[in-house]
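Peer 1: sequence and predicted structure, then a few things I'm wondering about:
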Amino acid sequence: AQSVSQHNHHVILSEAASLELGCNYSYGGTVNLFWYVQYPGQHLQLLLKYFSGDPLVKGIKGFEAEFIKSKFSFNLRKPSVQWSDTAEYFCAVFSSGTYKYIFGTGTRLKVLA
Amino acid sequence: EAQVTQNPRYLITVTGKKLTVTCSQNMNHEYMSWYRQDPGLGLRQIYYSMNVEVTDKGDVPEGYKVSRKEKRNFPLILESPSPNQTSLYFCASSSGQGRATNEKLFFGSGTQLSVL
């Protein structure tokens, strides 16, 4: 069955610390991977996505993610977090064949000023 | 401004009283979908629609109905709400037309539903 796992449910960091949020997926077809972010009181918005080509993708606000096919992973990274990065982060797999999204359970990140 | 509009933002109701949450997008997107967000469970897809008059079940469709009579609107209907449907609901639309290169979900601001 298709699934997305985010192992870190809550992460607390100090400003300027480095961030890595884990995402592993189980999917048999062509992989299209996304990270969406939900800032407090706001709707979800796209952070970055991978559909083909360079496995290292860069998104908004200094975020990047690396697709490692052999590990079925798409971890999100940021070298130095800011207080404004406090949000909930969702990893998702998209199937272009069935037009279906599967989201992970989310990771709540709190950055301490 | 491109947007997905959901109404209402907050809704408190009682068990069994039919309700509708509206969703409208102004981007001429063919694809629309509904999700519910629950603590520890993330977002789960309720229903989606590939185009007018084309709808399909997501992962948690029980207790919900949808309709897609017009391209821009995709209302979520709870015929007989129950307390386990208390949740945060999001409507979304997509520009991808099935091509991953263009794929991106645009979300509404959410509807917090409480069923007493």
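Peer 2: That came through fine.
Peer 1: dig out what the residue lying closest to A:Gly62 once chain neighbours are set aside forms beta bridges with.
Peer 2: Computed as CB to CB, 6 or more residues apart in numbering or on different chains, the closest residue to A:Gly62 that is not its neighbour in sequence is A:Lys78, at 5.6 Å. Using the backbone N, CA and C atoms, a C-beta is placed for each residue, glycine as well. Under DSSP bridges, the beta-bridge partners of A:Lys78 are A:Leu19.
Peer 1: list the contacts of B:Asn73.
Peer 2: Neighbour list for B:Asn73: B:Thr22, B:Cys23, B:Ser24 [criterion: CB atoms under 8 Å, 6 or more residues apart in numbering or on different chains].
Peer 1: run the chain-centre distance for stretch A:34-48.
Peer 2: Chain-centre distance of stretch A:34-48: 10 Å, with CA atoms, centre = their mean, to the nearest Å.
Peer 1: no no, stretch A:52-69
Peer 2: 10 Å.
Peer 1: how long is that stretch end to end?
Peer 2: Stretch A:52-69 has an end-to-end distance of 11 Å (criterion: CA to CA, to the nearest Å).
Peer 1: any buried residues in it, and which?
Peer 2: Within stretch A:52-69, the residues scored as buried using 16 or more other CB atoms under 10 Å in any protein chain shown are A:Val57, A:Gly59, A:Phe63, A:Glu64, A:Ala65, A:Glu66, A:Phe67.
Peer 1: where does chain B have low pLDDT?
Peer 2: By pLDDT under 70, the low-scoring segments of chain B are B:96-101.
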